[in-house]
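In: coords below, sequence missing:
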Ligand SMILES: Nc1ncnc2c1ncn2[C@@H]1O[C@H](COP(=O)(O)OP(=O)(O)O)[C@@H](O)[C@H]1O
Ligand SMILES: Cc1cn([C@H]2C[C@H](O)[C@@H](COP(=O)(O)O)O2)c(=O)[nH]c1=O
């Protein structure tokens, strides 16, 4: 006969004196789940609650031991959903809380000028335009990088080294990294940003408003016939749509393409 086990609601504290199994309270429940009391002897720091995943004591150039707690927050959604606006607000709020911040965006996005992130409503903030994230530390300066606490990344879908950069910045260097980008391309295929979800502390999917019916829109429809995956453009080429209008939009595009092909072949026959 199978035995069934009933786990106690609270783990007896004598079993794991340093691990807290108490019920989860805050939304960032994953990082709260296995929390430990930092031993007083470590680095001579005050004893405080730390999450295991972000516990990363480091030693600076003077041999001083200090504690770093990195975080990764991801903001995804279709175009026009407010990803850049949200990133901008979070960075501004971190900055007004006295933290050192920097924003990076892909230099592929040349829509509104290179050295600023700009929302579709025209709000802007200075940024570092880069082709690869791996060049950031050197470009920013090593000393300045060490002082940096929060890094925002916009148009993250265009960075091939996003995963490696985030791991290094959050796990090893103790930075808070806030990433904004498209989760899916115009064919709703994963667009790179999804790769970092397993290493993220939080993920926010925003929705725009469907341009055809006004309902919440989770997808981006490409209005033109170009088929390359990366095509930097705005409302002239793309529109946010709901599920229904994404599906019908793709059907209409497919039908138009067939008509066009038939028409071209037909004309070709007569020429
Ligand atoms: N079809 C559209 N064309 C231009 N701007 C739009 C359109 N739909 C929404 N917007 C505006 O874009 C804003 C969001 O801009 P932004 O933060 O740059 O979005 P995202 O980064 O997700 O593309 C919305 O608050 C809205 O005012
Ligand atoms: C859907 C889709 C988009 N892009 C490009 C178009 C824009 O330049 C950016 C997204 O900008 P936003 O800040 O989210 O508005 O990505 C692309 O290259 N391929 C696509 O499939």
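Out: Sure thing, it's come through. Here the structure is a predicted model, which is why all the values come from computation and not from measurement. Numbers count the residues shown, from 1 in each chain. Ligands and ions are numbered 1, 2, ... in the order given.

In: and the residue in the stretch 1-150 of the chain positioned nearest to ligand 2, how many neighbours?
Out: At 3.7 Å from ligand 2, residue 79 is the closest residue in the stretch 1-150 of the chain, using Cβ to the nearest ligand atom. Where you see a C-beta, it was placed from the backbone N, CA and C, and this is true even at glycine. Residue 79 sits with 21 neighbouring residues when counted by other Cβ atoms under 10 Å.

In: My guess is it contacts residue 238. True?
Out: Yes - applying Cβ atoms under 8 Å as the test, residue 79 and residue 238 come out as touching, 5.0 Å apart.

In: Could you name every residue contacting both of these two?
Out: residue 220 (Cβ atoms under 8 Å, 6 or more residues apart in numbering).

In: So which bits of the stretch 51-200 of the chain are right by ligand 1?
Out: 77, 79-85, 119-121 (Cβ under 6 Å from any ligand atom).

In: looking at those, which has the most residues close by?
Out: When neighbours are counted by other Cβ under 10 Å, residue 83 leads these with 29 neighbours.

In: Which strand or helix spans the closest residue to residue 237 other than its chain neighbours?
Out: Ranked by Cβ to Cβ, 6 or more residues apart in numbering and with sequence neighbours excluded, the top spatial neighbour of residue 237 is residue 224, at 5.3 Å. Residue 224 is part of no helix or strand when elements are defined by DSSP states H and E.

In: Tell me the pLDDT of the nearest residue to residue 77 once chain neighbours are set aside.
Out: In this structure, residue 77 finds its nearest non-sequential neighbour in residue 206, 3.7 Å apart by Cβ to Cβ, 6+ apart. Per-residue pLDDT puts residue 206 at 98.

In: Then residue 192?
Out: So, for residue 192, pLDDT stands at 85.

In: May I have the phi/psi pair for the residue nearest to residue 237?
Out: Per-residue torsions, residue 224: phi -100, psi 180 (degrees, to the nearest 10).

In: neighbours around it, how many?
Out: 12.

In: sorry, back to before: which residues touch the residue of the stretch 1-150 of the chain closest to ligand 2?
Out: Residue 79 touches 182, 208, 220, 234, 238-240, counting by Cβ under 8 Å, 6+ apart.

In: just checking, what packs against the lengthiest helix in the chain?
Out: Longest helix in the chain, counting residues (DSSP state H): helix 243-270. Counting contacts by 3 or more Cβ pairs under 8 Å, 6 or more residues apart in numbering; DSSP states H and E, helix 243-270 is packed against strand 219-222.
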